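K.L.:
pasting the sequence and the predicted coordinates here, then a few questions.
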Amino acid sequence: MGIKRTCLEDWVEIDHKYLERHKYKVQLFRQHPEKTIQHLPGSEEASFEALYLLADMLPRRYPSMFQATETGIKNLVTNDDWDLRRESSVWNNCHPLQVMGLLSTEDWFIMQPDQEDPSITRLRAGANCFPAGWKIQERIGHSLWEIHAGKVPMYEQKLAVSMDRFFQRMRVDSPVMRFNYAIDNSPELFHINSHHNLKPEVQDPVALDQLYLRVERQVLQRLPKTRAIVFSIRTYVTPILEITKDRDVALALRTSVDSYGPELANYKNKPLWQDVVGAHLDEIVRGQGEKQKR
C-alpha cells in the first residue's frame, strides 16, 4: 500500500494554483452537483466533524490565507466568509465536505463501518471534483471490496484483507499518507471517465508532449468523536516533459514503470505510452551514464 505516517498540520497542501483550482471547483459544483457531491444518511455528524477539524487547522497552518472568526472561518484569498454554525443558512445549499473542498484543493470523503458488519468499511459521503476516472454517484455506499475488486490488479489476492484490517485499526493520532500515480493523455482534472485498461487500437498515437503524470497525494485521518475516517485526495497533473527535467525523478519513474507486471501494465495503460515514454526515459538514462563517465 506504500503508506507512511504524517501529521494533521500537513493534512493539506497549498500551492500557486490554489485560486485557479478554487474557481474550477466552484464551476464544477454549480454545473455538476450530482457528479461532485454525494452523501448518505448517517454521514452528517462525521462530515461536520471533519469540516471543523480542517477549519481549526487552516488558520494555524496558513495564517496569511485563512482567519478564524466567531462564526467560522474567512478565506482571505477568495474573501469568502463561512458561517459554519450548525444553524447557519449555508447548509441550505452546501454540504460540509463541499465547503472543505472550497477551502482546500483536496477532494474529501467520509468512510464509515457498515451498520450490520463493522468489519466492512463503506464510502458514505464525498465531494469529488478531480476524480481519476471514476464517478462518485456510482460508488457511494460501496465497500472497499466493491470499489476495488475486479478493477485494481491483485486486489483480491494481496490487498483486500490487509486494507480492511488497516481501516479497522487506524488510530485517531496517527494519520497516514500514500501516493498513487498514472501516466495520462489528458490534463483534465474532472476526469470522470475510466482511463484504465484502454486498448491501443482505439486510441490515436500519443506524442510525448501530450502525456502527463497524474499524482494523487492521499491522506487518511480517523476522527476522534464519530470515529469515521476522512479520506482526502490532492491531485497534481504535470506534463511528462516537465517532470522528467529532474533526472532523479525521471530515473525513479523509469524504475517504477519497468517493474509493472502484465496486469498492472494494462491497468496503467502502459501499451499506450510505453514506446514514447520508454524512449524518452532511456535517453535520460543514457545521458546520465555519459555524464558519469566524464
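P.N.:
Good, I have the coordinates.
K.L.:
the residue minimising distance to the centre of the chain pairs with what?
P.N.:
Geometric centre of the chain, nearest residue: Ile233, 2.3 Å, by C-alpha atoms, centre = their mean. Using DSSP bridges, the beta-bridge partners of Ile233 come out as Asp107, Gln218.
K.L.:
quick check, Val176 in contact with Val219.
P.N.:
Yes - Val176 is in contact with Val219 according to C-beta atoms under 8 Å; the separation is 7.2 Å. Every C-beta, even on glycine, is put in place using the N, C-alpha and C of the backbone.
K.L.:
could you name every residue contacting both of the two?
P.N.:
By C-beta atoms under 8 Å, 6 or more residues apart in numbering, Val176 and Val219 have these common neighbours: Thr6.
K.L.:
those two: which is more packed in?
P.N.:
Legend: neighbour count by other C-beta atoms under 10 Å for Val176 and Val219, higher for Val219 (20 against 17).
K.L.:
helix or strand: which one has the closest residue to Ala50 other than its chain neighbours?
P.N.:
Setting aside the residues directly before and after it, Ala50 is nearest to Val230 in space (C-beta to C-beta, 6 or more residues apart in numbering), at 4.6 Å. Using DSSP states H and E, Val230 maps to strand 229-239.
K.L.:
what is the helix or strand following that strand packed up against?
P.N.:
Once the chain leaves strand 229-239, the next helix or strand it forms, by DSSP H and E, is helix 240-243. On a contact count with 3 or more C-beta pairs under 8 Å, 6 or more residues apart in numbering; DSSP states H and E, helix 240-243 meets strand 212-222, helix 247-258, helix 270-293.
K.L.:
so what's Cys129 up against?
P.N.:
Counting by C-beta under 8 Å, 6+ apart, Cys129 touches Tyr24, Lys25, Leu28, Phe29, Thr36, Gly101, Asp107, Leu189, Phe190.
K.L.:
tell me, how many residues neighbour the first one?
P.N.:
For Tyr24, the tally of surrounding residues (other C-beta under 10 Å) stands at 16.
K.L.:
what's the separation between it and His142?
P.N.:
Using C-beta to C-beta, to the nearest Å, we find Tyr24 at a distance of 26 Å from His142.
K.L.:
could you do the fourth one as well?
P.N.:
Taken as C-beta to C-beta, the spacing of Phe29 relative to His142 amounts to 22 Å.
K.L.:
higher neighbour count, these two?
P.N.:
Phe29 (20 against 14).
K.L.:
spell out the secondary structure type for that one.
P.N.:
Under the three-state scheme (DSSP: H, G, I helix; E, B strand; the rest coil), Phe29 adopts helix.
K.L.:
residues in contact with it?
P.N.:
For Phe29, counting by C-beta under 8 Å, 6+ apart, the contacting residues are Thr36, Ile37, Gln98, Gly101, Leu102, Ala127, Cys129.
K.L.:
hmm, Ala127 and the third one touching each other?
P.N.:
So the one you mean is Gln98. Yes - the pair Gln98 / Ala127 is scored as a contact, 4.9 Å apart, by C-beta under 8 Å.
K.L.:
which stretches of the stretch 1-150 of the chain form helices?
P.N.:
Using DSSP state H, counting those that start in this stretch, the helices of the stretch 1-150 of the chain run over 18-31, 33-36, 44-61, 96-103, 136-139, 144-148.
K.L.:
most packed of the ones you listed?
P.N.:
helix 96-103 (a mean of 25; mean count of other C-beta atoms under 10 Å).
K.L.:
quick check: mean pLDDT across stretch 176-194?
P.N.:
For stretch 176-194, mean pLDDT is 91.
K.L.:
for that stretch, list every residue counted as buried.
P.N.:
Applying a neighbour-count criterion of 16 or more other C-beta atoms under 10 Å, one finds Val176, Met177, Ala182, Ile183, Asp184, Asn185, Leu189, Phe190, His191, Ile192 buried in stretch 176-194.
K.L.:
contacting residues for the residue lying closest to Ala127 once chain neighbours are set aside?
P.N.:
Spatially, and ignoring its direct neighbours in sequence, Ala127 is nearest to Leu97 (3.8 Å; C-beta to C-beta, 6+ apart). Residues in contact with Leu97, defined by C-beta under 8 Å, 6+ apart, are Ile37, His39, Ser47, Ala50, Leu51, Trp108, Phe109, Ile110, Ala125, Gly126, Ala127.
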